[in-house]
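**Q** Give the three-dimensional model of this entry:
(one chain, ligands or ions: 2)
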Amino acid sequence: MRVSVIVPTYNEADNVVEVIDRLRRALGGQSHEVIVVDDDSPDGTWRLARRHGADDPAVRVIRRIGERGLASAVLDGMAAAEGDALAVMDGDLQHDETVLPEMVRSVLDGGADICVGTRTGESGSFGDRARLRHWLTAAGAALVRRLLPRLRRTSDPLSGFFVVSRGLYERAAPRMSRGLREYKILWAFLARGRDLTVTEVGYDFRPRAGGETKLSGAILLDDLVNALALRLGRAVSPLFVKYCLVGATGVAVSLAVYGVGELAGLPTVSLGITPDLNPIYLSALLGIQASIVTNFLANNFFTFYDRRYRGWGLLGGLMLFQVVSVVGVFVQLAVFQLLHRNGFPTESANADVAAAVNNGIGLAVATVTNFFLNVSITWNRVRRTR
Ligand code: GDD
Ligand code: MN
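**A** Ligands and ions are numbered 1, 2, ... in the order given. As a prediction, the model looks like this:
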């Protein structure tokens, strides 16, 4: 089999039949298969695609039940594919299938690892919101190129239209993370390896034929996090990157509340649990508590979005998070005291610097332990797909 085209779909009933027909026409000259990967669309996209391809063995339909997400849909399609070249094309007629043969040739005959379909003449084809979308695409591309220099290998890093060689797929797939609900799968390929051969074929990005876009602010945020995670390397889970970003906002919240509390002249209290430390500032306690609540909400609706608590369930989730966070505070204190009592880093170091270093190490250890506790306790829940 020369080429497999993976077409991810969600609510593309208006377009899927036409997409299949156009692909058959474009690739008719070579051995190929079209794999529609549909996430059990409420509009029955998978049913239409199955019926339409019923007597064509080149058309396969994967109906994923209880899964949602463009990136994982593409990965599942690739796992089922048999071609030497693996193509990805949107199922809404925005990508121009007539340039596919040239893209495939570049990979199979030209030896490219990746060929990207790059958008040209965008301004004319985005419809009403042409300008805004064009501008957002340009800004997004500039930003992710800074975060992840390997994306400079193509002029259109946000493209969802590309072909990869089977060789690159086999090398890259085992290391791909599924931690995020959504991310640009192309980046995971582009970021892989030192010397990839990347080629491009330009095409006219068409307006959406029917239905509506699934792009959202949450997906854009996930994309950014994914660029960061790829930059940091595969040892770092994208979920952990999100968790740390939330943690940083929590530090800001707690410092702000602490500052306001001090200005308001809140007293100090002695809890009797840390006799050898200074009395505890009430404003510091309030700051920590405020950040526990904001961290819970941010993690619930950002980091662990697909397992989020809703409605009254939020209260139960917050209680678990509260317990884990208090454990974290003690872990941080314990590590700090352990290091401090043993004169770490050195006896002669400036006391303030030593305290700051030991606090930092305590915070890092507590962040990692809390992350694992929250993954395995607080958000150890059934995923929501809708
Ligand atoms: N299986 C599955 N599951 N398919 C999905 C899902 C999902 O959760 N979400 C979207 N899709 C399918 C859509 O049905 C469509 O065929 C394709 O993926 C692209 O989704 P769109 O919702 O049409 O995205 P877009 O056109 O607005 O955005 C495109 O351009 C952006 C840059 O301008 C995409 O290529 C983006 O990835 C890209 O960043
Ligand atoms: Mn689209």
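
**Q** Skip the chain neighbours and tell me the closest residue to Tyr258.
**A** Closest residue to Tyr258 apart from its sequence neighbours, by CB to CB, 6 or more residues apart in numbering: Gly287 at 3.8 Å. Every C-beta, even on glycine, is put in place using the N, C-alpha and C of the backbone.

**Q** I'd like the distance between the one you found and ligand 2.
**A** 44 Å (CB to the ion, to the nearest Å).

**Q** Run a quick neighbour tally on that residue.
**A** A count of nearby residues for Gly287, using other CB atoms under 10 Å, gives 23.

**Q** How about the one 3 residues further on?
**A** Residues within reach of Ala290, counting by other CB under 10 Å, total 18.

**Q** check contacts around it.
**A** Applying CB atoms under 8 Å, 6 or more residues apart in numbering to Ala290 gives the contacts Val253, Ser254, Val257.

**Q** Please tell me how far it sits from Asp113.
**A** For Ala290, the distance to Asp113 (CB to CB, to the nearest Å) stands at 49 Å.

**Q** cool, Phe321 as well?
**A** 43 Å.

**Q** now swap in Ile219 and tell me
**A** Taken as CB to CB, the span from Ile219 to Asp113 is 26 Å.

**Q** From the contacts of Ala290, which land in helices?
**A** Val253, Ser254, Val257 (DSSP state H).

**Q** Of those residues - the most surrounded one?
**A** Ser254 leads the ones in helices among the contacts of Ala290 on contacts (other CB under 10 Å) with 22 neighbours.

**Q** Help me confirm that that residue comes into contact with Ile288.
**A** Yes: look at Ser254 against Ile288 with CB atoms under 8 Å: they come within range, at 5.4 Å.

**Q** Return the residues of this protein in contact with ligand 2.
**A** Asp90, Asp92, Gln94 (CB under 5 Å from the ion).

**Q** Let me know whether my guess that Glu200 is in a strand holds.
**A** Yes: with DSSP: H, G, I helix; E, B strand; the rest coil as the criterion, Glu200 is assigned to a strand.

**Q** Please enumerate the strands of the stretch 151-300 of the chain.
**A** Secondary structure of the stretch 151-300 of the chain by DSSP state E, counting those that start in this stretch: the strands cover 162-165, 198-204, 268-269, 280-281.

**Q** so how far is stretch 59-79 off the chain centroid?
**A** Centre-to-centre, stretch 59-79 and its host chain are 16 Å apart (CA atoms, centre = their mean, to the nearest Å).

**Q** What pLDDT is listed against Gly250?
**A** pLDDT for Gly250: 94.

**Q** and this structure, which residues reach ligand 1?
**A** 8-10, 12, 37-39, 68-70, 73, 90-92, 94, 137, 158, 160, 213-215 (CB under 6 Å from any ligand atom).

**Q** Filter these down to just the buried residues.
**A** Buried members of these, scored by 16 or more other CB atoms under 10 Å, are 8-10, 12, 37-39, 68-70, 73, 90-92, 94, 137, 158, 160.

**Q** from those residues, which ones fall inside helices?
**A** Counting by DSSP H, those contribute Leu70, Ala73, Thr137 to helices.

**Q** how near is the residue nearest to Tyr258 to Gly317?
**A** From Gly287 to Gly317 the distance is 22 Å (CB to CB).

**Q** got the contact list for stretch 355-363?
**A** So stretch 355-363 is in contact with Val331, Gln332, Leu333, Ala334, Val335, Phe336, Leu339, His340, Phe344, Pro345, Ala349, going by CB under 8 Å, 6+ apart.

**Q** mind listing which of these are in helices?
**A** For these, the ones inside helices are Val331, Gln332, Leu333, Ala334, Val335, Phe336, Leu339, His340, with DSSP H as the criterion.

**Q** Any chance of TSV for these, columns neighbour count and pLDDT?
**A** Shown next, in TSV, are the ones in helices among the contacts of stretch 355-363 (neighbours: other CB atoms under 10 Å; pLDDT from 0 to 100):
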residue	neighbour count	pLDDT
Val331	19	93
Gln332	22	90
Leu333	16	89
Ala334	13	92
Val335	19	92
Phe336	22	88
Leu339	18	88
His340	17	82
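
**Q** Considering those residues, which is situated nearest to ligand 1?
**A** Using CB to the nearest ligand atom, Val331 comes nearest to ligand 1 of the ones in helices among the contacts of stretch 355-363, at 37.4 Å.

**Q** what sits against that closest one?
**A** Val331 makes contacts with Gly362, Val365, Ala366, Thr369, Asn370, as judged by CB under 8 Å, 6+ apart.

**Q** Thank you kindly, that will do.
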